[in-house]
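Q: Below: sequence and its predicted model.
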Amino acid sequence: DSEVLFCEQDEEIYEETDLSDIILKHRIRLAFFGDIFWGRGVDVRARSRPEGYEFPFVHLSKFQKKTAETWIGNLECPITRTQESYSQMKKLLKFSCKPDYLSFARSYFDIFSLANNHTNNMEEVHGFEQTKSFLDTYKFQYFGTFDNARTTDICEVVSVNAHAIDGLGEIKEMALSSFPIALCGYHNVLGLPLQNEIDIISKYASHFFTIVMPHQGEEYLPRQNRWQEKVYRLMVDAGADVIVGGHTHSIQGVEWYKNKPIIYSLGNFIFDQQFGTTAYGIVYRMEIFVEGHDSWIHPDVWIDVADCNTFQDTCLENAVHLDLEKPRFSYSQDIVISHNKKMQPQPASASVSKQKMKEMGWETFIKNTPH
């Protein structure tokens, strides 16, 4: 019987297959950083120091970027050739940042969110378009916009580093590839997003692991407000796997909602604010394992569509066309408390870190991790 012969042949092939050649999973490492701004006081300090434009980045190696880790931050400033004066930046809170810092930033950062209340501050010189052009030049990926009504700019499929894991459970350190995930950015400072704007998340979450970075909340407060809770939970309802918030210039709380983590505010990372809570932030790290699903016969198809480095490319359309089903994911989480000491961020002391983690409820959050 031909059917029996097929089964015998299939069994023989299985027995001869080297499990070390079978790719069953992928490991992704991500690190999220708070508000990043190298204008105004940071630039004044940098120009007076021998490090020059490298000034705000000189201690970033102390965060020990892991092998194949992708660093993602909120770029709180348009990058433009024309610069606003220090006095105007201070008086009007109208920001501009020099492109000279980008080469040093690129040594660490890979992806920036542009969804905040400052990326439109230099629109008289087309600052948002200039920003994207400069980021393209220095090979950054980016997502999000200052205007949620521009719904095609909210979410973006990006390529992040990934390591293959073989059938024996071994991580193939030499087999570095790219893997597509979705990042969405929302600027909610001047008004809350409409439901149709939040619903954009679901288009991406149907196919990709989706992380949302909303910019919202009352500045300098140590706890999130009810509007943050309402909106961020709606984003989970729309399909977000993780919420990583910002804007408040302060570390805020964390919670699980429908078994999804919400980090309400990362606080500052690089900024010229040096008072009270503004001097500290969170580096939020995830180690994600892409585990597939029952019909996930050929995981390499994900690698085939993972060339998603270009803004507004066709990665979502490709996933829809191929009817790619979102894989299963598992992940671990960790944080490092950062101290923006004299505008040069570095890991905070052990005592400060312990206090900040206690204030935000991190230990309880980890204990309550869903299983």
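A: Looks like it arrived, so ask away.
Q: Let me know the helix or strand that Ile335 is in.
A: In this structure, Ile335 is located in strand 328-341 according to DSSP states H and E.
Q: moving C-terminal of that strand, what's the next helix or strand?
A: strand 344-347.
Q: List the buried residues for that following strand?
A: For strand 344-347, burial by neighbour count (16 or more other C-beta atoms under 10 Å) applies to Gln344, Pro345, Gln346, Pro347. For every residue, glycine as well, the C-beta is placed using N, CA and C.
Q: Output the contacting helices and strands for it.
A: strand 328-341 (3 or more C-beta pairs under 8 Å, 6 or more residues apart in numbering; DSSP states H and E).
Q: Send over the strand it packs on as CSV, restricted to the C-alpha atoms.
A: Extracted C-alpha coordinates of strand 328-341, given in CSV (Å, rounded to 0.1, in the frame of the first residue of the first chain):
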residue,chain,number,x,y,z
ARG,A,328,3.4,31.8,20.0
PHE,A,329,5.8,33.7,22.1
SER,A,330,7.2,33.4,25.6
TYR,A,331,9.4,35.9,27.3
SER,A,332,11.3,36.9,30.4
GLN,A,333,11.5,40.5,31.7
ASP,A,334,14.1,42.5,33.6
ILE,A,335,14.8,46.1,34.4
VAL,A,336,17.8,48.3,35.1
ILE,A,337,17.3,51.6,36.9
SER,A,338,19.2,54.4,35.0
HIS,A,339,20.6,57.5,36.6
ASN,A,340,20.9,60.5,34.2
LYS,A,341,23.8,61.8,36.3
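Q: Give the other helices and strands that it contacts.
A: strand 268-270, strand 280-292, strand 344-347, helix 350-360.
Q: Which of these has the highest mean neighbour count?
A: strand 268-270 (a mean of 28; mean count of other C-beta atoms under 10 Å).
Q: Could I get the average pLDDT for it?
A: Strand 268-270 carries an average pLDDT of 99.
Q: Work out the sheet partners of it and label each with its direction, please.
A: Strand 268-270 sits in its sheet next to strand 23-36 (parallel), going by DSSP bridges.
Q: what comes up buried for stretch 305-321?
A: Buried positions in stretch 305-321, judged by neighbour count with 16+ other C-beta under 10 Å: Val305, Ala306, Cys308, Asn309, Phe311, Cys315, Leu316, Asn318, Ala319.
Q: An error on my part: the question was meant for stretch 173-187.
A: Applying 16+ other C-beta under 10 Å to stretch 173-187 flags Ser177, Ser178, Phe179, Pro180, Ile181, Ala182, Leu183, Cys184, Gly185, Tyr186, His187 as buried.
Q: Quick check, pLDDT for the first one.
A: Read it as Ser177. pLDDT, Ser177: 82.
Q: any idea how far Arg233 is from it?
A: For Ser177, the distance to Arg233 equals 34 Å [C-beta to C-beta, to the nearest Å].
Q: now the third one
A: Relative to Arg233, Phe179 is positioned 27 Å away (C-beta to C-beta).
Q: do the same with Leu266
A: 18 Å.
Q: Of the two, which one has the most company?
A: Neighbours per residue, other C-beta atoms under 10 Å: of Leu266 and Arg233, the larger number sits with Leu266, 28 against 17.
Q: and the biggest strand by length in the chain with strand 23-36, angle?
A: Longest strand of the chain, by residue count under DSSP state E: strand 171-187. Calculated by axes from the mean of the first three to the mean of the last three C-alpha atoms, to 10 degrees, strand 171-187 forms an angle of 40 degrees with strand 23-36.
Q: Only alpha carbons, please: show strand 171-187 as PDB.
A: Extracted in PDB, the C-alpha atoms of strand 171-187 (Å, rounded to 0.1, in the frame of the first residue of the first chain):
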ATOM      1  CA  ILE A 171      21.100  28.600  20.700                       C
ATOM      2  CA  LYS A 172      23.100  28.800  17.400                       C
ATOM      3  CA  GLU A 173      25.200  31.900  18.300                       C
ATOM      4  CA  MET A 174      26.700  32.000  14.800                       C
ATOM      5  CA  ALA A 175      23.300  31.900  13.100                       C
ATOM      6  CA  LEU A 176      22.200  35.500  13.600                       C
ATOM      7  CA  SER A 177      19.200  36.600  11.500                       C
ATOM      8  CA  SER A 178      16.400  39.100  11.500                       C
ATOM      9  CA  PHE A 179      12.900  38.600  12.700                       C
ATOM     10  CA  PRO A 180       9.800  40.800  12.200                       C
ATOM     11  CA  ILE A 181       7.900  42.300  15.000                       C
ATOM     12  CA  ALA A 182       5.500  45.300  15.100                       C
ATOM     13  CA  LEU A 183       6.000  48.500  17.000                       C
ATOM     14  CA  CYS A 184       3.300  51.100  17.400                       C
ATOM     15  CA  GLY A 185       3.700  54.700  18.700                       C
ATOM     16  CA  TYR A 186       0.900  57.000  20.000                       C
ATOM     17  CA  HIS A 187       1.200  60.600  20.900                       C
END
